[in-house]
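>>> What follows is a predicted protein model with its sequence.
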Amino acid sequence: MAEYTLSTGMEVHAELETDSKMFCRCPVEFGAEPNTRVCPVCLGMPGTLPVPNRKAIEFVLKTALALNCQIAKRSVFHRKNYFYPDLPKGYQISQFGDTNVLGHFGYLEVPTKNGGIKKINIRKVQIEEDTGKLMHLPSGGSGIDFNRAGVPLMEIVTDFPPDIETADEAKDYLVGLRQVLLYLKVCNGKMEEGSLRCEPNISIRVIGTDKYGTKTELKNLNSFRSVQHGIEYEYKRQVSLLENGESVKQETRGWDEGAEKTFPMRSKESEEDYKYFPDPDLVPMDFSDEYLEELKKTIPELPLAKYRRYQADYGLNHYDASILVAELSWSTYFDECIKMGGDPKLICNWMSSDFAKSLNETGQTFQSSLVTPKHLVELTTLIQKETISGKIGKDIFEISFKNGKMPSEIVQEKGLTQISDESVIEKYADEALKQNPELIDKYKSGQTNVIGFLVGQVMKQSKGRANPGIVQNIMKKKLDM
Amino acid sequence: MKEITDLTAAELSCKLQNKEISAIEVAESYLTNIKKNNDSLGAYLSTHPDITRKAAENAQNLLDKGLAKPLTGIPIAIKDNISTKDIKTTCASKLLENYTPVFDATVIEKIKDHGMVMLGKTNLDEFAMGISNENSAYFPAKNPWDLSRSPGGSSGGSAAAVAGNLAPLALGSDTGGSIRQPASFCGIFGFKPTYGRCSRYGLIAYGSSLDQIGPFARSVEDIALLANAISGNDHKEDTSLPQDPISYHEMKNGSLKGLKFAVPAELYDNQAFEEGVKTCFQNRLENLRKAGATIDIVHIPTIDLGVSCYYVIATAEASSNLARFDGIRFGNTLPTRHHKDQVALTRGKLFGREVKERIMIGTYVLSAESFEAYYIKAQKIRAVMVGEIDHILENYDAIISPTSPVTALKIGEQNNDPVASKLVDLSTIPCNMGGYPAISIPCGLANNLPVGMQVMTSRITDEKTLQIAYSIERELNIKVQNPTY
């Protein structure tokens, strides 16, 4: 039996985080009362005209540059003509063609699970306006909410032939792309709110051949998980169709999250003719090299560069580096700590364990926490210098987290410095041995693991302040006597 | 003594400022005339005497306080495809029979800002598609020179109102000649400014790359005063030009002596042109020569392709522009169970024949299989034609021609031969293709019907167009005649 491989092209729509809409000055706001963020322009009232949002264009150009795209010297808006109740003007202002959209022929590199890098070619990055939203009314019938109509939307389309060949790669691509958008602060990346929408088209072909199968397009994917599962499901469905001698129909399918299944939404057998033509209401956009150079300078260090730097300069592994770059808030905090002289590995460990847990429990972020990079660097330095023990460190962290006091201050106040004075520790050790004479015999008879309990006793008595290494040495010396 | 309604806006302005008459008297004179004559002329689709009187009172207030601008208190008629807040704007279509805009077009804001007094909304061909006003879904406007004839189109109502003394000034819109051709048919002045100098915001779009709002008047000075009031950069329009409002300060400082005019043979020595029009035009050429101007016959080889290109580009844009009229958010709607049927039924029943025809042509030329052969080709020809015209305008002050090859058509005449009747726009269309400013000047009568002469100059030289027109008006002693009807 033939073996099949998957090919996936990705069409991603990202709502841009501008203050106002693409062609009018209405505010962009999620979750407002229906039809309260509208004006004659975004309602498509007769006689109204679009005026482009320069910020939105800048956001898309920035993204295109970050995705290594070529920028059109002259870019034009096109009208995409079709009738639908959520489309106020009867056409959507969009872009069309390969080289007059804002950005074209770029790529995104994403780290893969095995620590490698996957390069995914990008066909184009373009700008358009969002449509309104149809909704069923509680009273029956349907209504249209135009709050979303005219919200600036960026469309990022991967190249053909597709580079993505597994559901994992599709997810990695989306994760990587979302990170870039968040780093650039052009989109909030919320898939569940529809701010970031992904429509993969999926086809299969026999391994070793280059004839691509009929593709289906997938909608309703509102999480990374659903993207991954949806693609996996489509792959299996298409394989079983072909194996049963049936054929794949060209169609748009929806993802049913509950049933973990795709279902047919609409047939795409005859391609719709959108009658694209340049929008005469909008002047073509020209971008000078100087302008693009200036724009390039505003692009921050991107996730992949950081990921590479963390490994090369700080010796972090794939896992740690991935965790840190996944969210801009993490890497920003981490970078600040390192700048203050924090130890990369220690900082990373703290951030990904206790700190993350506390943030999670209290709904805070690294940036909003009372524990600033200065706090964390001080704390890890105290531990590193063995001024305090790791265990005390955790207690101090908790106090700092609650009231924002500097770790050194807490140590001073509570007298929590580590005890490394051997004469003091010896007293604790003698006390522990005196209370557990039977353990000395056990030790001598070969049960050397009792030492752990004895060390524990010393730590307890010293309220965690004794230096565990010294305690261990002293205890061993006494038992071996 | 002249009647109030015989005076030009400039004359009225003078009397208003000197307190010889009041804005209220002026408005009342026109309201009386409209009441008496609009039924026979069909110039206005709607009038709003209460609003008019209120505006006149406001204007008089400004005049009394010494805050008046040149056009304060001057009445004006507005083509009914220009959005007026709280006043129905129908585009002479059944689909928009009950549509009331919630905002003013930018030109309306400017008119209000100048303290002008709106008399009403004038008749037009439905959605400005037509050359005779007969495509109005309500009733055709008539030509005051001969009520059995058309005032031209699409701004027929505005032209008829000014020529028939139902308004001293009017606004029209011009996509392929819709201001200049009716001005020519009605024996008045009509000016299409450079594309982008008057805001299109609020003008219900027909062909967006060609549409331009402009004035009708009975003198060049009036044209200039109104052009000045309504022009200027508008941040609501991306294609708006950055220039200041059209200035009239240098208008009276010109002279015909030494001016160089080009007359394209294609727009004159052509079988489409009636003998009477040619004779009239030739006489004027002779006058111009005598006044010291040079006149050369030139060739613009692609110019006669203008009409064909126009009917591809304008219809393509129109098919998209008119897609918003789906009966969902505004306007009349014919409800059915399913939304798709509702849109089809509403558009099918409420758009007139000409509108549907142009939407269908436009949809066809934009369809994937004919896009290259029609739309792209038309745009290429447009570019070549504009290049040819630009070249001529580098060497001449203006291109002049008859505005229309014919005089006012009999009502009912244009439908006999739709292709031939489209040639009526032969001379006017090239100006829209290149965005040039152009004015139609009354230049005599042929068989007792007015003939117009068009003067076009380079883009953004609207001041020059007006200066030349003013020189012609003065040196050739052109007087607008008010026909009795």
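The structure has been received and is ready for your questions.

>>> Helix, strand or coil: sort out the residue in chain B positioned nearest to chain A for me.
Per Cβ to the nearest Cβ, the residue of chain B with the smallest distance to chain A is B:A323, at 2.4 Å. Bear in mind the C-beta positions are built from the backbone N, C-alpha and C, glycine included. Using DSSP: H, G, I helix; E, B strand; the rest coil, the structure places B:A323 in helix.

>>> Tell me, how many residues neighbour it?
Using other Cβ atoms under 10 Å in any protein chain shown, B:A323 has 23 neighbouring residues.

>>> so how far is A:P278 from it?
16 Å (Cβ to Cβ, to the nearest Å).

>>> burial of residue 139, as a residue count?
Picking chain A for this. Around A:S139 there are 6 residues (other Cβ under 10 Å).

>>> My question was about chain B, not that one.
B:F139 has 13 nearby residues by other Cβ under 10 Å.

>>> Same check on A:L302?
18.

>>> how far away is it from A:V175?
14 Å.

>>> now swap in B:E317 and tell me
Per Cβ to Cβ, B:E317 is found 43 Å from A:V175.

>>> what's the answer for A:I93, then?
Using Cβ to Cβ, we find A:I93 at a distance of 30 Å from A:V175.

>>> neighbour count winner among those two?
Neighbours per residue, other Cβ under 10 Å: of A:I93 and A:V175, the larger number sits with A:I93, 20 against 16.

>>> wait, is the more buried one part of a helix?
No: counting by three-state DSSP, A:I93 is not part of a helix but strand.

>>> Might you report the residue contacts of it?
If you count contacts by Cβ atoms under 8 Å, 6 or more residues apart in numbering or on different chains, A:I93 has them with A:M22, A:F23, A:P50, A:F77, A:H78, A:R79, A:K80, A:E128, A:E129, A:D279, A:L282.

>>> can you count the residues close to the first one?
A:M22 has 28 neighbours, counted by other Cβ under 10 Å.

>>> Would you mind measuring from A:K55 to chain B?
The gap separating A:K55 from chain B is 15 Å, by Cβ to the nearest Cβ, to the nearest Å.

>>> hey, where'd the strands end up in the stretch 351-485 of chain B?
Assigned by DSSP state E, counting those that start in this stretch, the strands in the stretch 351-485 of chain B fall at B:398-402, B:438-446, B:449-456.

>>> Turn those strands into a markdown table, columns for mean pLDDT and distance to B:T52.
Shown next, in a markdown table, are these (pLDDT from 0 to 100; distance: least, Cβ to Cβ, whole Å):
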| stretch | mean pLDDT | distance to B:T52 |
| --- | --- | --- |
| strand B:398-402 | 98 | 36 |
| strand B:438-446 | 97 | 28 |
| strand B:449-456 | 98 | 28 |
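
>>> and chain A, which of its residues are near chain B?
For chain A, the residues in contact with chain B (Cβ under 8 Å from any Cβ of the partner chain) are A:40, A:43-52, A:79, A:81, A:83, A:85, A:88-91, A:144, A:273, A:275-277, A:280-283.

>>> which other residues reach stretch A:104-118?
A:64, A:67-70, A:72, A:98, A:119-125, A:159, A:163, A:168-169, A:172-173, A:175-177, A:180, A:304, A:307, A:318, A:322.

>>> Would you mind listing the buried residues in that stretch?
Buried residues in stretch A:104-118, counted by 16 or more other Cβ atoms under 10 Å in any protein chain shown: A:H104, A:F105, A:G106, A:L108, A:E109, A:V110, A:P111, A:K118.

>>> Just the CA atoms of the host helix or strand of the fourth one, as PDB, please.
To tie it back to what came earlier, the one meant is A:L108. Using DSSP states H and E, the element containing A:L108 is strand A:103-111. What follows is strand A:103-111, C-alpha atoms only, in PDB (Å, rounded to 0.1, in the frame of the first residue of the first chain):
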ATOM      1  CA  GLY A 103       5.600  42.100   1.400                       C
ATOM      2  CA  HIS A 104       6.400  39.100  -0.700                       C
ATOM      3  CA  PHE A 105       8.900  36.200  -0.900                       C
ATOM      4  CA  GLY A 106      10.000  35.900   2.700                       C
ATOM      5  CA  TYR A 107      10.500  33.100   5.200                       C
ATOM      6  CA  LEU A 108      10.200  32.200   8.800                       C
ATOM      7  CA  GLU A 109      12.600  29.900  10.600                       C
ATOM      8  CA  VAL A 110      11.300  28.000  13.600                       C
ATOM      9  CA  PRO A 111      13.100  25.800  16.100                       C
END
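
>>> Could you list the paired strands of that strand along with their orientation?
Take DSSP bridges as the rule and strand A:103-111 pairs in its sheet with strand A:70-71 (antiparallel), strand A:117-129 (antiparallel).

>>> any chance of those in CSV, plus mean pLDDT?
What follows is those, written out as CSV (pLDDT from 0 to 100):
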stretch, mean pLDDT
strand A:70-71, 97
strand A:117-129, 97
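
>>> Skipping its backbone neighbours, what lies nearest the residue of the stretch 51-200 of chain A found nearest chain B in space?
In the stretch 51-200 of chain A, the residue that lies nearest chain B is A:G90 (2.4 Å; Cβ to the nearest Cβ). Nearest residue to A:G90, sequence neighbours excluded (Cβ to Cβ, 6 or more residues apart in numbering or on different chains): B:A323, at 2.4 Å.

>>> and if you look at A:K62?
A:L184 (5.5 Å).

>>> ok, the one you found - how many residues close by?
20.

>>> Isn't it up against A:A66?
Yes: between A:L184 and A:A66 there is a contact under Cβ atoms under 8 Å: 5.9 Å.

>>> any common contacting residues for the two?
Shared contacts of A:L184 and A:A66, defined by Cβ under 8 Å, 6+ apart, comprise A:I299.

>>> Tabulate the buried residues of stretch A:104-118 (a markdown table), appending distance to B:N33.
Formatted as a markdown table, the buried residues of stretch A:104-118 follow (distance: Cβ to Cβ, whole Å):
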| residue | distance to B:N33 |
| --- | --- |
| A:H104 | 62 |
| A:F105 | 66 |
| A:G106 | 67 |
| A:L108 | 71 |
| A:E109 | 76 |
| A:V110 | 76 |
| A:P111 | 81 |
| A:K118 | 79 |
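
>>> Could you work out the most separated pair of those residues?
Using Cβ to Cβ, the two most remote members of the buried residues of stretch A:104-118 are A:H104 and A:P111, lying 24.9 Å apart.

>>> State the distance from the residue of chain B positioned farthest from its centre to B:L345.
Outermost residue of chain B with respect to the C-alpha centroid, by Cα atoms, centre = their mean, is B:R337; its distance is 41.2 Å. With distances taken as Cβ to Cβ, B:R337 is found 11 Å from B:L345.

>>> what's the answer for B:Y206, then?
23 Å.

>>> neighbour-wise, which of these two wins?
Between B:Y206 and B:L345, counted using other Cβ under 10 Å, B:Y206 has the larger neighbour count: 26 against 16.

>>> would that one count as being in a helix?
No: assessed with three-state DSSP, B:Y206 is coil; it does not lie in a helix.

>>> picking up where we left off before, just put the strands of the stretch 351-485 of chain B in a markdown table and tack on distance to chain A.
Formatted as a markdown table, the strands of the stretch 351-485 of chain B follow (distance: least, Cβ to the nearest Cβ, whole Å):
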| stretch | distance to chain A |
| --- | --- |
| strand B:398-402 | 24 |
| strand B:438-446 | 20 |
| strand B:449-456 | 21 |
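
>>> In chain B, where is pLDDT below threshold?
Counting by pLDDT under 70, chain B has low-confidence residues at B:1, B:414-416.

>>> what sits opposite the nearest residue to B:A265 once chain neighbours are set aside in the beta ladder?
Nearest residue to B:A265, sequence neighbours excluded (Cβ to Cβ, 6+ apart): B:I297, at 5.3 Å. Here B:I297 sits in beta bridges with B:V263, going by DSSP bridges.
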